[in-house]
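1. kindly generate the corresponding structure for this input.
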Amino acid sequence: MTDINTSKLEPCGLNTGEPAGNAPTAGELDISGLDYREVNEWLRENGPACHLTGCCGHRFIGAGMSGKQITIDGVPGNALGAYLNGASITVRANAQDAVGDTMNAGEIAVYGSIGDAAGYAMRGGKIFVQGSAGYRAGIHMKAYKDRSPVMVIGGVTGSFLGEYQAGGRIIVLGLNAGKRRIVGNFPCTGMHGGKMFLRGDCREIRFPRQVTVKIADSLELDEISGYVSEYCRLFGHNPEEIMDSVFTVISPDSKNPYKQMYVAN
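-> Prediction:
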């Protein structure tokens, strides 16, 4: 796991446009020993700013919520922020699988690393991960009407990144990667929408035939510079140094690359 840098920790701002530094004083709850239903009921009844302590594998925290600013001490369990609908969640540690499952809007910032299937079917909002992600991050990520999801991962990811991606942007920075590849095996399998940006030339990575892989030009880098700056503000990096690197951009060649598997010729 990547070391957690909390020296510049600040919560994500609510979608009201209020700066994070002006966040209201949080109500606090020790959730050790509580069921997730009790935790979410307390969150709905308190706030708008809420601080949870004693978190250890609690699932479904913040599911479906809007208008809340939630800070978590400890490691939340699966499906953190599932169906999130405009709230912001800050985790001062690692998080488990399915972060932001099917989220519609809002922000999740994790000051650590995350497990598998982050952003599953995500269709809006933003996820920022200081460290690395497991397998199948961004699987079935899609855009929905005027919403376009974004996931920024600071470290590296496991295999099947962006599997069946249908919209939005996945950005992987490969910071502190050492000798590890920025992505595991089979990235972009079944990709038919959206874009993926990987920091580096990615010559050693094998991509499927139905995607276009090239070095990002200045206009394409402009698409992600704001999100990289947000990541750097949260986790204490220099955006100019990161954006001065080469990025590889991957996009689909076809909106339905496997139609021959389902439709007779």
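2. poorly predicted segments of this structure, please.
-> 1-26, 255-265 (pLDDT under 70).
3. determine the set of other helices and strands touching the biggest helix by length in it.
-> The longest helix of the chain (DSSP state H) is helix 218-235. Using 3 or more Cβ pairs under 8 Å, 6 or more residues apart in numbering; DSSP states H and E, the elements in contact with helix 218-235 are strand 126-129, strand 150-153, strand 166-172, strand 193-199, helix 239-243, strand 247-252. C-beta coordinates here come from the backbone N, C-alpha and C atoms, glycine included.
4. only alpha carbons, please: show the first one as PDB.
-> Provided in PDB are the C-alpha atoms of strand 126-129 (Å, rounded to 0.1, in the frame of the first residue of the first chain):
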ATOM      1  CA  LYS A 126     -15.300  12.500  -9.200                       C
ATOM      2  CA  ILE A 127     -13.100  10.000  -7.300                       C
ATOM      3  CA  PHE A 128      -9.600  10.900  -6.200                       C
ATOM      4  CA  VAL A 129      -7.300   8.300  -4.900                       C
END
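5. need the contact list for the residue most central in space within the chain.
-> The centroid of the chain falls nearest to Ile127 when counting by Cα atoms, centre = their mean (2.9 Å). Listed by Cβ atoms under 8 Å, 6 or more residues apart in numbering, the contact set of Ile127 reads 99-100, 103, 107-110, 118-119, 149-152.
6. quick one: the helices and strands packed on helix 218-235 as TSV, columns for distance to Ala79 too.
-> Shown next, in TSV, are those (distance: least, Cβ to Cβ, whole Å):
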stretch	distance to Ala79
strand 126-129	13
strand 150-153	16
strand 166-172	19
strand 193-199	22
helix 239-243	30
strand 247-252	27
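7. Ser32 is nearest to which of these?
-> strand 126-129 (24.7 Å; Cβ to Cβ).
8. what's the spacing between that closest one and its chain's center?
-> Here the centre of strand 126-129 is set off from its chain's centre by 3 Å, with Cα atoms, centre = their mean, to the nearest Å.
9. what of stretch 180-192?
-> The answer for stretch 180-192 is 16 Å, by Cα atoms, centre = their mean.
10. would you mark the buried spots in it?
-> Arg181, Ile182, Val183, Gly184, Phe186, Pro187, Cys188, Thr189, Gly190, Met191, His192 (16 or more other Cβ atoms under 10 Å).
11. swap in stretch 67-82?
-> Quick answer for stretch 67-82 (16+ other Cβ under 10 Å): 68-82.
12. check stretch 164-181 too.
-> 164-175, 177, 181.
13. which ones are touching His140?
-> His140 sits next to Tyr120, Ala121, Glu163, Tyr164, Gln165, Ala166 when contact means Cβ under 8 Å, 6+ apart.
14. take the residues you listed and write them to TSV, including distance to Gly62.
-> Below are the contacts of His140 laid out as TSV (distance: Cβ to Cβ, whole Å):
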residue	distance to Gly62
Tyr120	16
Ala121	17
Glu163	25
Tyr164	25
Gln165	24
Ala166	24
